[in-house]
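quick check, what structure comes out for this input:
(chains A and B)
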Amino acid sequence: EAGVTQSPRYAVLQEGQAVSFWCDPISGHDTLYWYQQPRDQGPQLLVYFRDEAVIDNSQLPSDRFSAVRPKGTNSTLKIQSAKQGDTATYLCASSFGGRDTLYFGAGTRLSVL
Amino acid sequence: QQKVQQSPESLIVPEGGMASLNCTSSDRNVDYFWWYRQHSGKSPKMLMSIFSNGEKEEGRFTVHLNKASLHTSLHIRDSQPSDSALYLCAASTNSAGNKLTFGIGTRVLVRP
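Below you'll find the predicted structure:
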């Protein structure tokens, strides 16, 4: 069975540029998460979906970040006007139902210069 | 917002020794804990989960939970160099379903 797929693996931007990250969850998983993991820290939840609905986006910086999951399968996380503080690894994870194990993708390592 | 505190920040263990990691939640509504392991440059992978008071053992790994104090601990016996990694504790509340809040992690280095 294929795992969670993310692309791109790496991105390097200048401040002010935009970037999009893409995630394909495990087939059949209804819940999809986006986490931000700064270097040497634990993952911090940005947003999560159940099917196509946003369940919690309270930690998503709404002025510059947006996330969609239009058909309840793949998802895109976009950063408009990136800042140096956005430098981190962006992890996508998926799970099935409540209280299930989260399966993480390999992540996208973002550097904002 | 719920916080998950982990200690120590880092740990050096001799090969064959015991590693003990701690995790506490400040949210009285937390009722489920997970331990994830993240090797350098890789994504986190679930090791064990626990929601009942007491102890759970899987191979060389043992997890304890004290629900009254919202404290969980992970113990790795007969540590191997391949156990060197960042160990992440995560917690969730019944009302938040599968929303996991992670601590900053404990970095374990097993010295041959």
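
so what does the closest residue to residue B:112 other than its chain neighbours have for phi and psi?
Excluding the flanking residues, the one nearest residue B:112 by CB to CB, 6 or more residues apart in numbering or on different chains is residue B:15, at 5.0 Å. Backbone N, C-alpha and C define where each C-beta goes, glycine included. Dihedral pair for residue B:15: phi -60, psi 130, per degrees, to the nearest 10.

over to residue B:81?
phi -50, psi -30.

what number of residues lie near it?
10 (other CB atoms under 10 Å in any protein chain shown).

any idea of the pLDDT on it?
pLDDT for residue B:81: 97.

and if you look at residue A:62?
pLDDT at residue A:62 comes out at 83.

ok, the residue lying closest to residue B:45 once chain neighbours are set aside - how many residues close by?
Spatial nearest neighbour of residue B:45, chain neighbours left out: residue B:37 (5.8 Å); criterion: CB to CB, 6+ apart. Look at residue B:37: counted by other CB under 10 Å, it has 20 neighbours.

residue B:89 is in contact with residue B:37, correct?
No: taking CB atoms under 8 Å as the definition, residue B:37 is not a contact partner of residue B:89, at 10.9 Å.

what's the closest non-adjacent residue to residue B:67?
Residue B:67 sits nearest to residue B:53 (CB to CB, 6+ apart), 5.1 Å away.

flag every residue of chain B that's near chain A.
Taking CB under 8 Å from any CB of the partner chain, the part of chain B that reaches chain A is made up of B:4, B:6, B:32, B:34, B:42-46, B:49, B:88, B:92, B:96-105, B:107.

of those residues, buried ones?
Neighbour-count burial (16 or more other CB atoms under 10 Å in any protein chain shown) applied to the residues of chain B next to chain A gives B:4, B:6, B:32, B:34, B:43-44, B:46, B:49, B:88, B:92, B:96-105, B:107.

who's the spatially most central residue of chain A bridged to?
Among the residues of chain A, the one closest to the centroid is residue A:34, at 3.1 Å (CA atoms, centre = their mean). Residue A:34 forms beta bridges with residue A:47, residue A:92, as assigned by DSSP bridges.

grab the nearest non-local neighbour of residue B:58.
residue B:48 (5.9 Å).

following element in sequence after the helix or strand hosting that neighbour, please.
If you go by DSSP states H and E, residue B:48 is part of strand B:45-50. Proceeding N to C from strand B:45-50, the next assigned helix or strand is strand B:54-58, under DSSP H and E.

what about chain A, any weak spots by pLDDT?
A:1, A:98 (pLDDT under 70).

give me the residue ranges of chain B where confidence is low.
B:1-2, B:95-97.

what about the strands in the chain?
All of this is about chain A. A:5-7, A:10-13, A:19-24, A:31-37, A:44-50, A:53-56, A:65-68, A:75-79, A:88-95, A:103-104, A:108-112 (DSSP state E).

could you do chain B instead?
Applying DSSP E to chain B gives strands spanning B:4-7, B:10-14, B:19-25, B:30-38, B:45-50, B:54-58, B:61-66, B:71-76, B:85-93, B:101-102, B:106-111.
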